[in-house]
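Trainee: Kindly generate the corresponding structure for this input.
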Amino acid sequence: MIKSNASDKRTLKTIRYDADLIVVGGGLSGVCSAITAARAGTRVVLVQDRPVLGGNASSEVRLWVLGATSHMGNNNRWAREGGVIDELLVENWYRNPEGNPLIFDTILLEKVVSESNITLLLNTAVFEVQMSPTPKSPSGDLGATGHIQSVQAFCSQNSTMYELVAPIFCDASGDGIVGFQAGAAFRMGAESKEEFGEKFAPSAEYGELLGHSMYFYTKDTGRPVRFVPPSYALDDITTIPRYRRFNAKEYGCQLWWIEYGGRLDTVHDTEQIKWELWKVVYGVWNHIKNSGQFPEAETMTLEWVGTIPGKRESRRFEGDYMLTQQDVVEQREHADAVAFGGWSIDLHPADGVFSEKPGCNQWHSKGTYHIPYRCLYSRNISNLFLAGRIISATHVAFGSSRVMGTSAHVGQAAGMAAAICAREGLLPRDLADGQELASLQRELLKTGHHIPGLQLHDPSNLVPNATLLPSSEFVLTHLPPNGPLQPLTDSAAQMLPLPTGPVPQMTVFVTSDADTTLTVELRRSSKVKNHTPDVTLQTLTLPIQKGKQEVRLPFDVVLDGPQYVFVMFIKNEHIQLQYSQLRVTGVLSVFNKTNPAVSNYGKQEPTDDIGVDTFEFWCPERRPKGHNIAMTIDGGIALFGASNLTNGVQRPTSQPNAWVADVTDSSPTLSLRWSEQQRISRVELFFDTDFDHPLETVIMLNPETASPFCVQDYVLCNDRQERIHETIDNHQARNIISFEKPVETSQLTIHLKPKPGQAPAALLEVRCYA
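Mentor: Next comes the predicted model:
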């Protein structure tokens, strides 16, 4: 029994944590920052003011995670973010193909609590920041005006105060609570066109802030259910100009355009915004249930309505560089790139659901773009990293960088940088150039974190000193005509990686219901790193007879460098193309169709005054569709050799960057042979988890639980062919094999065991460490 006499005053229980890094905010950016730092040996406290992790991706909001892949609706091929966020998305794919947001909650919690270096504080809100004198750093002062000593937080569930002390802090809180209280320079709203020369900067009439959203889920009970709306539900649905778009089938974040608050203070007016969104949500459901326009809703009921709004925009903090529209559209390259984006510039009218305008205004770039390290720390608070949607970007650039896949990728970069700072006694700005920057980029790449244009050069990796001996190497001589016959109602193209030199001649399989002509275009991208086919190399106009036939493609083009080409078949209602069942890492078909969800209408055609490009969209189809176009290729394409395993790139880019075994090799092996004995304590393997698949976390069903390109079972053997490791049922890209006792061997053999019906076995990288 506890009995306490009357007292003038009592103080709350207080716990102090001393750590290397304090991460404030448990959304995906904070989670990925904390995990990345913890795995690099950093003691991390992760503070989250909600009962679960994930922020807008959690079961509290239920927004799907997207990034550069953009629902597979743009030209960014193999662009899913790597590193920890990829691990999370792939794990969700494996465990949760139905897209249940509650399951995604458990995955995030499990991944965080499994890291012994992370102390997780849920339901704990930071409310105060303590500052200290700014210490000197190797890079000098350069404008730093403050240094954070600690933050104070409170958990309402256990009535406990926390004092959190560390040399480095990362604000991933969404509204920037730490940066704001520390005095970090920030912005809120939209810049003028003149400040950065951004032609897409919005007018005051359009609005300067994106609003909040709240969603609802429904279910069919199988029996009539009535709905009596609460008194605060919206009475007149026609006050929503787009109310005719509501229907009984869409739910959750499919209704992303239920948005409000862009004319208000999206920090301090959030509770007011929440009530307006509740009003709208219950009014919409009342319309669906009781208007009589949706008889199919008679047996449906509300299963869930959000209780907190999902925020899009509030404060953005200033770093040593501000990302701009030109960085996104022109794909400007930065020497200090540590992350990338690829979502469209996606701005919304400030009036949200009540606007007469379309719910979004999306404009894509021709490929992914760099996010510089200088955007990830405060320009005036010396020990503060920025992660998530609050990084240093203009309102227009933020329209792209804000999405969760990109935010998580940025969080990983901030987490690794914080780990290096903590280990070396440095401050964020100290890593902005020189060997410190190179070290940061190298450590990120080692985790599978992709930075476009950068290759991993790891001096501690033993593999470059070994001779690589594969049992076979795939040569693309043909894609057999054993797949479906598809009408050419939309233009289709086969993406093929080719070396420098003449383009090989090819043969395709065509069926026509009439005599006609087939137009075939050979295209490439104006930038080798891109996959937007905006340069036509040759056009063939070929006579086609009624019936089945093999059609020769006599290309006469010489390539000046290795790159992907697009063999394009222009739509013709009389023609059917034969497709293939064979799927291969780095080989893909794409189609000139539409995807209105991301403002893809086949071709992007902006007006001249907004500063974005005109180009066509050529996008893949989701499996089980998306077959390659059947063809034979004279001489074959020999770009899938084992030498790719040491080129420092862990995904297809301008080349496949993979060792692929021959289709007929049912037991492929790769042997690494050294001239002398090696002591190996760790092996890292990188498999192909299909970086082109967006892996949306909710709503969208996946017909698979793992990538058909990913090897699930494999065995490692030493130079005596003794089994030293076996993995069964792998589904992740990065596999780390750590030996309790270092293995002494002059040869390491990897036995891959592909499943019947899978794509040919592929490996993207192998590294060994002493």
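
Trainee: How about the secondary structure of the closest residue to Val475 other than its chain neighbours?
Mentor: Nearest non-adjacent residue to Val475, counting by CB to CB, 6 or more residues apart in numbering: Gly636, 4.2 Å away. (Glycine included, C-beta is placed from N, CA and C.) Secondary structure, DSSP: H, G, I helix; E, B strand; the rest coil: Gly636 is strand.

Trainee: which ones are touching Gly636?
Mentor: Residues near Gly636 by CB atoms under 8 Å, 6 or more residues apart in numbering: Val475, Leu476, Thr477, Pro504.

Trainee: go on, Gln721?
Mentor: Per CB under 8 Å, 6+ apart, neighbours of Gln721: Thr749.

Trainee: Distance of it relative to Glu194?
Mentor: 70 Å (CB to CB, to the nearest Å).

Trainee: cool, Ile699 as well?
Mentor: 41 Å.

Trainee: Those two: which has the busier surroundings?
Mentor: With neighbours defined as other CB atoms under 10 Å, Ile699 and Glu194 compare such that Ile699 has more, 19 against 8.

Trainee: Hmm, Leu255 and that one touching each other?
Mentor: No: at 10.7 Å, Ile699 does not count as touching Leu255 under the criterion of CB atoms under 8 Å.

Trainee: Residue ranges in the stretch 101-250 of the chain under the pLDDT threshold?
Mentor: 136-142 (pLDDT under 70).

Trainee: Over to the chain?
Mentor: 136-142.

Trainee: tell me the domain ranges of it?
Mentor: As assigned by automatic domain parsing, the chain contains the domains 18-188+371-446, 212-305, 463-472+641-769, 474-631.

Trainee: what's the closest of those to Gln455?
Mentor: Judged by CB to CB, the one of the domains of the chain that comes nearest to Gln455 is domain 463-472+641-769, at 3.3 Å.

Trainee: now the end-to-end length of that closest one.
Mentor: End-to-end distance for domain 463-472+641-769, by CA to CA, to the nearest Å: 8 Å.

Trainee: do stretch 706-719 as well
Mentor: This stretch, stretch 706-719, spans 32 Å end to end (CA to CA).

Trainee: which stretches of the stretch 151-300 of the chain form helices?
Mentor: 177-182, 193-196, 270-290 (DSSP state H, counting those that start in this stretch).

Trainee: and the domains of the chain as TSV, adding distance to Gly359?
Mentor: Formatted as TSV, those follow (distance: least, CB to CB, whole Å):
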stretch	distance to Gly359
domain 18-188+371-446	13
domain 212-305	3
domain 463-472+641-769	17
domain 474-631	10
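
Trainee: so of the ones you listed, which one's packed in deepest?
Mentor: Mean neighbours per residue, mean count of other CB atoms under 10 Å, is largest over the domains of the chain for domain 18-188+371-446, with a mean of 23.

Trainee: How far off centre is it?
Mentor: 15 Å (CA atoms, centre = their mean, to the nearest Å).

Trainee: what's the first-to-last distance across that domain?
Mentor: Distance between the boundary residues of domain 18-188+371-446 (CA to CA) amounts to 28 Å.

Trainee: going forward can the numbers begin at 33, since that is how I track them
Mentor: Okay, using 33 as the starting number, the last item reads as domain 50-220+403-478.

Trainee: Gln473: what secondary structure?
Mentor: What three-state DSSP gives for Gln473 is helix.

Trainee: Contacts only, for it.
Mentor: Counting by CB under 8 Å, 6+ apart, Gln473 has contacts Ala369, Val370, Ile483, Leu486.

Trainee: now Ser770
Mentor: If you count contacts by CB under 8 Å, 6+ apart, then Ser770 has Ser713, Arg714 around it.

Trainee: for Lys311, same thing?
Mentor: Contacts of Lys311 were listed using CB under 8 Å, 6+ apart, and they are Tyr264, Ala265, Leu266.

Trainee: again, only using 10 Å
Mentor: Lys311 is in contact with Pro261, Pro262, Tyr264, Ala265, Leu266, Asp267, Tyr292, counting by CB atoms under 10 Å, 6 or more residues apart in numbering.

Trainee: One more: Leu572?
Mentor: Contacts of Leu572 were listed using CB under 10 Å, 6+ apart, and they are 549-554, 583-588, 599.

Trainee: Most widely separated two among the residues you listed?
Mentor: Spatially, the most separated pair among the contacts of Leu572 is Thr549 and Asp588, at 18.8 Å (CB to CB).

Trainee: returning to what we had before: which residues do Ile731 and Leu287 both contact?
Mentor: Common neighbours of Ile731 and Leu287 (CB under 10 Å, 6+ apart) are Tyr247.

Trainee: ok, back up a step: as CSV, the contacts of Lys311 with distance to Trp310 would be great.
Mentor: CSV is the format used below for the contacts of Lys311 (distance: CB to CB, whole Å):
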residue, distance to Trp310
Pro261, 11
Pro262, 8
Tyr264, 7
Ala265, 8
Leu266, 9
Asp267, 14
Tyr292, 10
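
Trainee: Can you tell me which of those end up in strands?
Mentor: Tyr292 (DSSP state E).

Trainee: And the contacts of Lys311, which is closest to Val681?
Mentor: Proximity of those to Val681, judged by CB to CB, is greatest for Tyr292, which lies at 43.7 Å.

Trainee: Quick check: the closest one vs Ala236, distance?
Mentor: Taken as CB to CB, the span from Tyr292 to Ala236 is 18 Å.

Trainee: after the lengthiest strand in the chain comes which helix or strand?
Mentor: Of all segments of type strand in the chain, defined using DSSP E, the longest is strand 766-785. Counting by DSSP states H and E, the next helix or strand C-terminal to strand 766-785 is strand 794-795.

Trainee: And the helix or strand following that following strand, what does it pack against?
Mentor: Later in the chain than strand 794-795, the nearest helix or strand by DSSP H and E is strand 797-801. With contacts defined as 3 or more CB pairs under 10 Å, 6 or more residues apart in numbering; DSSP states H and E, strand 797-801 has these neighbours: helix 466-478, strand 701-718, strand 766-785.

Trainee: Neighbour-wise, give me the winner out of the contacts of Gln473.
Mentor: The most crowded member of the contacts of Gln473, judged by other CB under 10 Å, is Val370 (28 neighbours).

Trainee: What helix or strand is that residue located in?
Mentor: strand 369-373.

Trainee: Also Ile756?
Mentor: Assigned by DSSP H and E, Ile756 falls within strand 755-759.

Trainee: In its sheet, which strands sit next to that strand, and in what direction?
Mentor: strand 745-749 (antiparallel) (DSSP bridges).

Trainee: Show me the contact partners of the strand it pairs with.
Mentor: If you take CB under 10 Å, 6+ apart as the criterion, strand 745-749 is touched by 700-703, 712, 715, 717, 719, 754-762, 767, 769, 771, 775, 777, 779-787, 793, 795.
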